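Q: okay, predicted coordinates and the sequence, questions at the end:
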Amino acid sequence: MAIDFKAATDQLFAKIGAEELAGELGCHQQAIKQARMAEGAEGRRSPPPRWEAAVARLARQRAGALRKLADRLE
């Protein structure tokens, strides 16, 4: 099945953001943003528990989606 340029590049340029990570962790997006603040910044907080596993899951999902896109284009 063919895919057009816009659809292919939309998939390529898609980002995983704080909202997706917050959903995966069951916390608020603001907690993710605060955990990403510079060390020592006012309002910074520690990352949510189990963040490593959640990031790994999202990374694997993204990698899988990009592999499927590459397969369609080849």
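A: Cool, the structure landed. Numbering: from 1, shown residues only.

Q: separation between residue 71 and residue 44?
A: 41 Å (Cβ to Cβ, to the nearest Å). Heads up, the C-betas are built off the backbone N, CA and C, glycines and all.

Q: oops, could you answer that again for residue 65 instead?
A: Separation of residue 65 from residue 44 (Cβ to Cβ): 31 Å.

Q: tell me where the model's unsure across the protein.
A: Residues of the chain meeting the criterion pLDDT under 70: 1.

Q: show me where it has helices.
A: Listed in chain order, the helices of the chain (DSSP state H) span residues 5-13, 18-25, 29-35, 51-73.

Q: other SSEs contacting the second one?
A: For helix 18-25, the elements it packs on are helix 29-35, helix 51-73, judged by 3 or more Cβ pairs under 8 Å, 6 or more residues apart in numbering; DSSP states H and E.

Q: so which of those helices is nearest residue 8?
A: helix 51-73 (6.3 Å; Cβ to Cβ).

Q: quick one: contacts of the closest one?
A: 1, 3, 8, 11-12, 14, 16, 20-21, 24-25, 35, 48 (Cβ atoms under 8 Å, 6 or more residues apart in numbering).

Q: what comes up buried for that helix?
A: Buried residues in helix 51-73, defined by neighbour count with 16 or more other Cβ atoms under 10 Å: 51, 54, 69.

Q: off-centre distance for that helix?
A: 9 Å (Cα atoms, centre = their mean, to the nearest Å).
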